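[1] A predicted structure for the sequence below; I have some questions about it.
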Amino acid sequence: MAISTSLGHAHEVDLPGGRIRYYESGEGSPVVFLHGLLVNADLWRKVVPGIAAAGYRCIAPDLPLGSHEIPVPTADLTPTGVADLIAAFLDRLDLEDVTLVANDTGGAITQVLLARNRARIGRVVLTSCDSYADFLPKPLSVLPVLAKVPGIVRPIVDAMRIRALQRSPLGFGLVAKHPIPPQIADSYLLPTRHSGAIRKDLRRVLLTLKREYTLEAAKHFAEIELPIHIVWAAEDQIFALDNARRLTADLPNATLRLIDDSYAFLSEDQPELLTSAILEFTRLHATP
């Protein structure tokens, strides 16, 4: 569903859990961008061009987290299942020494992935995301509870057609400090509005988003020696800055950078600063 031409050419790949679409541009060492719940690869539309221009192969999949167009009715959409899907994606594309850049729910799933399978990963940039007991953080923690009600997803996504609601705390108001363009909001929200199969996928995801997954992943942090850059919004409204500092302390080779004038969607609010942070980190930790 991603619509931004800046992401590069669209491709599809069959994985053990189902088919997903991804976007690719540039050449060089691979950088894979992972988004979170109810957004897609368009989240990275302002960051990919700068990374690709600097000599990297940028790959941004549409993960089955509610804003995808290809249903995956038989896929395991628990956090461990999606982590394994990402691992299979890296295998299928035969990517080595990958830089993973993750945000929001994608950051939580990346932590699960790092605890399970780090074989193809060279370094990681975790931007504002779920962690520890805050998966999901307040006020989003109500979503798995609501998802238990049959048929509830449809009226929720239908209500989000109202532009003012999209900009409110009930929409993207807590994750993007600056307004998201209407066409990008549509890219995120139309799949669930138009497809019952996508709504079913989303409901299956929501029902499994529990702190047990991130707490279990955190038990393995001491084993993860990969370079990890924690890039956090200093004004984040939902992901606690204390968790960013805790991640930095608990991961053996982690560094922390704070970015001002942004909420959790750093790639939306401060794409130039995020691009700079990614490039500085990848160059500092490039494989000889």
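    Thanks, I have it.

[2] going by C-alpha atoms from here, please, whenever you check contacts or count neighbours.
    OK.

[3] show me where the stretch 101-250 of the chain has its strands.
    Under the criterion DSSP state E, counting those that start in this stretch, the stretch 101-250 of the chain contains strands at 121-129, 228-233.

[4] sheet partners, orientation included, of the last one?
    The partner list of strand 228-233 in its sheet, established with DSSP bridges, is strand 121-129 (parallel), strand 254-259 (parallel).

[5] can you list contacts of the longest one?
    What it means is strand 121-129. 96-108, 226-233, 236, 239, 244, 264-266, 278, 282, 285 (C-alpha atoms under 8 Å, 6 or more residues apart in numbering).

[6] go again using 6 Å as the cut-off
    For strand 121-129, the external contacting residues (C-alpha atoms under 6 Å, 6 or more residues apart in numbering) are 97-104, 107, 226-232, 264.

[7] next: stretch 176-194.
    Applying C-alpha under 6 Å, 6+ apart, the set of residues contacting stretch 176-194 is Met1, Ala2, Val39, Ser67, Glu69, Val157, Ile198, Arg199, Ser262, Tyr263, Phe265.

[8] quick check, pLDDT for the spatially closest residue to Ile152 that is not a sequence neighbour.
    What sits nearest to Ile152 in space, not counting adjacent residues and going by C-alpha to C-alpha, 6 or more residues apart in numbering, is Leu146, at 6.9 Å. Listed pLDDT for Leu146 reads 80.

[9] with the one 3 residues further on instead?
    Each residue has a pLDDT score; the one for Val149 is 81.

[10] any idea how far Leu143 is from it?
    When distances are taken as C-alpha to C-alpha, to the nearest Å, Val149 and Leu143 turn out to be 10 Å apart.

[11] with Glu272 instead?
    As judged by C-alpha to C-alpha, Glu272 and Leu143 stand 32 Å apart.

[12] and what of Leu165?
    As for Leu165, its distance to Leu143 is 17 Å (criterion: C-alpha to C-alpha).

[13] do the same with Asp250
    To Leu143, Asp250 is 28 Å away according to C-alpha to C-alpha.

[14] likewise for Arg246?
    Counting by C-alpha to C-alpha, the separation of Arg246 from Leu143 is 25 Å.

[15] looking at the two, which has the bigger crowd around it?
    Neighbours were tallied for Arg246 and for Leu143 using other C-alpha atoms under 10 Å; the higher tally belongs to Leu143 (16 against 13).

[16] quick one, grab the pLDDT at Lys200.
    Lys200 is assigned a predicted lDDT (pLDDT) of 94.

[17] excluding its backbone neighbours, what's nearest it?
    With C-alpha to C-alpha, 6+ apart as the measure, Pro73 is the residue that lies nearest to Lys200, at 7.9 Å, once sequence neighbours are left out.

[18] kindly report the same for Ile259.
    Closest residue to Ile259 in three dimensions, ignoring its sequence neighbours and counting by C-alpha to C-alpha, 6+ apart: Ala233, at 5.0 Å.

[19] that neighbour: neighbouring residues, count only.
    Taking other C-alpha under 10 Å as the criterion, the count of residues near Ala233 is 26.

[20] and if you look at the one 5 residues further on?
    The burial count assigned to Ile238 is 20, neighbours taken as other C-alpha under 10 Å.

[21] now the helices for the protein?
    Applying DSSP state H to the chain gives helices spanning 48-53, 79-92, 105-116, 142-146, 153-159, 163-166, 182-194, 196-206, 211-218, 241-250, 266-269, 271-284.

[22] which of these has the lowest average pLDDT?
    Comparing mean pLDDT across the helices of the chain, the weakest is helix 163-166, with a mean of 74.

[23] for that one, buried residues please.
    Residues of helix 163-166 classed as buried under the neighbour-count rule (16 or more other C-alpha atoms under 10 Å) are Gln166.

[24] so what touches that helix?
    Contacts of helix 163-166 from elsewhere in the structure, counted by C-alpha under 6 Å, 6+ apart, are Met160, Gly171, Phe172.

[25] I'm done for today, thanks for sticking with me.
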